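1. predicted model and sequence follow; I will ask about them next.
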Amino acid sequence: MPSGGNAAVFIRQFVVARQLRRGSLYKKWTAELLPKLVRAAFYDGLRHSTNAIFNPFFLGSDEMRTRHFSSVALALAAAMAMGCSEGTTRKDVASAQAKLDKAQAKTQEVAQQAKNDVADAQRTAQEHYVAKPVATDDLGIRHDGVVTNRDVRDQEKVADAQVDANNRVADAKDKEAAAAANVKTTEQQFKDTQDRDTFVREAELKLTDYDKRIDELKTQASHAQGADRDTVNRQVELVKAARDRASSAVSEVKKADLNAWRNYQDRVRMAFQELDNSVRNVR
């Protein structure tokens, strides 16, 4: 098991990973390694910190004692950080909207530049046409309709400029459409995050209430006599088991992918119904 110092480093890395919302890395930390590190840091830090409290000569310096106190604090902070596996924040929505605004401005800029490029090609072609020598016949009649190789090249350049302009505008509009779709998706994910977090928060408050009720039932059992005490104790154990199942159901919601957490709602509701029934059965 790692020491408090090493565990503290790992925990800092976990907190950074959680802030960055790196799904697979975060879930691996949460499910596998973090609980062990929290226990290690807490145990190691608590052991040394207790020595520091009761032994003023422990390690010989305030700095060394403070380091062990920090191990405990980091362990507790990491334990509290073990919330839902992923989520979308208002900042994410704002970022997506900013990207859409930028894409829309870029579309307008590209459209204007494309229009200018086509106009430049048309203007060049017109200048060449006006400047070309005028052909006359033997009677001195002007013939402006003679098409030269330059005329052909100029018209090809105008056509190419128009095709290129269309492609650039289409590409900019595609990116704008993708940004708009991302805003819509991000807004929905933000709503899903709020709904899930509210559901989890309410469920955890219920668990807290049931914990208080379990303590009351334990007190009730301690005041009972003989067979009645044994009966109440057995019923309390059933309540505690039901409470653990409800807690596990809530944990499944917290670990689920954001787009799938609703699939676990019924399990939580059923678990709390079972827990409520078990509490009602205590006599």
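-> Now that the structure is in, tell me what you want to look at. Residues are numbered from 1 along each chain as shown.

2. tell me the spacing between Asn149 and Gln235.
-> Computed as Cβ to Cβ, to the nearest Å, the Asn149 to Gln235 distance reads 101 Å. Quick note: C-beta positions are derived from backbone N, CA and C, even for glycine.

3. who has more neighbours, these two?
-> Gln235 (18 against 7; other Cβ atoms under 10 Å).

4. which of the three states applies to the closest residue in space to that one that isn't next to it in sequence?
-> Closest residue in space to Gln235, ignoring its immediate chain neighbours: Val282 at 4.4 Å, by Cβ to Cβ, 6 or more residues apart in numbering. Secondary structure state of Val282, per DSSP: H, G, I helix; E, B strand; the rest coil, is coil.

5. for Glu86, same thing?
-> From three-state DSSP, the assignment for Glu86 is coil.

6. list the contacts for Gln220?
-> Counting by Cβ atoms under 8 Å, 6 or more residues apart in numbering, Gln220 touches Val232, Val282.

7. which of the helices or strands spans it?
-> helix 149-223 (DSSP states H and E).

8. next, count neighbours for the closest residue in space to Ala221 that isn't next to it in sequence.
-> Distance criterion Cβ to Cβ, 6+ apart; nearest residue to Ala221, sequence neighbours excluded, is Val232 at 4.0 Å. Using other Cβ under 10 Å, Val232 has 19 neighbouring residues.

9. need the pLDDT of Val232.
-> At Val232, the model reports a pLDDT of 87.

10. angles on the backbone of it, please.
-> phi -70, psi -40 (degrees, to the nearest 10).

11. tell me the spacing between Leu100 and Ala177.
-> Counting by Cβ to Cβ - Leu100 and Ala177 are separated by 10 Å.

12. so for these two, which residue has more residues nearby?
-> When neighbours are counted by other Cβ under 10 Å, Leu100 and Ala177 differ, and Leu100 comes out ahead with 21 against 13.

13. list the contacts of the more buried one.
-> Counting by Cβ under 8 Å, 6+ apart, the residues that Leu100 touches are Glu176, Ala179, Ala180, Asn182, Val183.

14. could you redo the last one with a cut-off of 7 Å?
-> Ala179, Ala180, Val183 (Cβ atoms under 7 Å, 6 or more residues apart in numbering).
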